[in-house]
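K.L.:
Next input, structure requested:
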Amino acid sequence: MSEPHSTPSARFFGTDNPRYLRALQALLTRPMSRSHLDEVAGCANGPDLVLNIRELGLGKAGLACTLIDDTDRDGRKIKRGVYSLTNAGRRAVMVWLRMRDRKAVE
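P.N.:
Numbers count the residues shown, from 1 in each chain. Have a look, this model is predicted:
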């Protein structure tokens with residue numbers, strides 16, 4: 001039985017996709033808006049990229065999207081999505097990176 005305040009767990013099964021790796025490296029550094037994630041990863045559809053990374057085991061518990069109040073270029077109030085690795089997601093990615101690096105040395 002889980003503790004009431006326990007952090008949800010996340011797993012990451014790994015990838016060799018360069019876009020996913022660039023996105024994860026950036027997300028390990030800081031949270032990112034969809035447009036910045038597109039630029040860093042080299043894609044045109046950040047939400048689809050995030051969906052695919054989540055399907056590698058992180059899920060929403062590991063790779064979250066927070067909607068923040070913002071204003072668009074026309075002055076309209078909007079909610080802008082900001083993606084971030086949760087603590088559980090960060091741990092899962094770091095565990096996978098260590099295992100990957102260990103295998104590369106062998």
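K.L.:
what about this structure, any weak spots by pLDDT?
P.N.:
Scanning the chain with the threshold set as pLDDT under 70 gives 1-8.
K.L.:
again, only using 80
P.N.:
Low-confidence segments of the chain (pLDDT under 80): 1-9, 103-106.
K.L.:
Just the C-alpha atoms of the longest helix belonging to the chain, please, in CSV.
P.N.:
Longest helix in the chain, counting residues (DSSP state H): helix 87-105. Only the C-alpha atoms of helix 87-105 are listed here, as CSV (Å, rounded to 0.1, in the frame of the first residue of the first chain):
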residue,chain,number,x,y,z
ASN,A,87,11.0,14.2,-9.6
ALA,A,88,9.9,10.6,-10.5
GLY,A,89,10.5,11.2,-14.2
ARG,A,90,13.9,12.8,-13.6
ARG,A,91,14.9,9.8,-11.5
ALA,A,92,13.7,7.3,-14.1
VAL,A,93,15.6,9.1,-16.9
MET,A,94,18.8,9.4,-14.8
VAL,A,95,18.6,5.6,-13.9
TRP,A,96,18.3,4.8,-17.6
LEU,A,97,21.2,7.1,-18.6
ARG,A,98,23.4,5.5,-16.0
MET,A,99,22.5,2.0,-17.2
ARG,A,100,23.1,3.1,-20.9
ASP,A,101,26.5,4.6,-20.1
ARG,A,102,27.5,1.5,-18.1
LYS,A,103,26.6,-0.7,-21.1
ALA,A,104,28.6,1.5,-23.5
VAL,A,105,31.7,1.1,-21.4
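K.L.:
and it, what does it pack onto?
P.N.:
The contact analysis (3 or more C-beta pairs under 8 Å, 6 or more residues apart in numbering; DSSP states H and E) places helix 87-105 against helix 18-29, helix 59-62. All C-beta spots, glycine's among them, are computed from the backbone N, C-alpha and C.
K.L.:
buried sites along the longest one?
P.N.:
The one in question is helix 18-29. Using 16 or more other C-beta atoms under 10 Å as the test for burial, helix 18-29 gives 19, 20, 22, 23, 24, 26, 27.
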